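[1] Everything below, folded, please.
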Amino acid sequence: MFIVAVTGGIASGKSTVSMIFSEKGIPVIDSDVIAREIVEPGSKAWTEIREHFGSKVFNSDSTLNRKALAEIVFNDAEKRRILNGITHPKIQKKMFWELVKCFFKGYQMVVVDVPLLFENSNHLIYIR
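    Below is the predicted model:
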């Protein structure tokens, strides 16, 4: 199975490129979508975030208040490291299993939409 990584910063056209592939019937695994899924209320990441950052980073309906969390982690490198330690492994694990599902469904090509893939050396998990 051929894996194509679509990567780049904000407003670089990742979503447009991924949409073109999707319209051609090629599955797209979007790390931003997965990042939202892994913090849904009651999930392991949600629980860990609540333990480390408290209820102040959650909305009244128990969903993650991304703006409140961003204000904390963008001003404190250690807290950002903690958040990344909670979320990144879970995102990568889910992306891996999505790739496995695509393989077993017989897809010849899959697109992985990952911002900052090379900047964070995350590409190494896909080429080992």
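
[2] alpha carbons only for contacts and neighbour counts from here, please
    Noted.

[3] which stretches of the chain form helices?
    Here the chain has its helices, by DSSP state H, at 14-23, 31-37, 44-53, 66-73, 77-104, 124-127.

[4] Now tabulate those helices in TSV and tack on distance to V111.
    Formatted as TSV, the helices of the chain follow (distance: least, CA to CA, whole Å):
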stretch	distance to V111
helix 14-23	7
helix 31-37	11
helix 44-53	25
helix 66-73	26
helix 77-104	9
helix 124-127	12
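
[5] Which among these is found nearest to F2?
    Between F2 and these, the shortest gap by CA to CA is with helix 77-104, which sits at 9.6 Å.

[6] and that closest one with helix 44-53, angle?
    Computed with axes from the mean of the first three to the mean of the last three CA atoms, to 10 degrees, the direction of helix 77-104 lies at 180 degrees from that of helix 44-53.

[7] Just the buried residues of helix 77-104, please?
    79-80, 83, 86-88, 90-92, 94-95, 98-99, 102 (16 or more other CA atoms under 10 Å).

[8] Tell me the one of these nearest E48?
    Each of those was checked against E48 using CA to CA; the closest is I86, at 7.0 Å.
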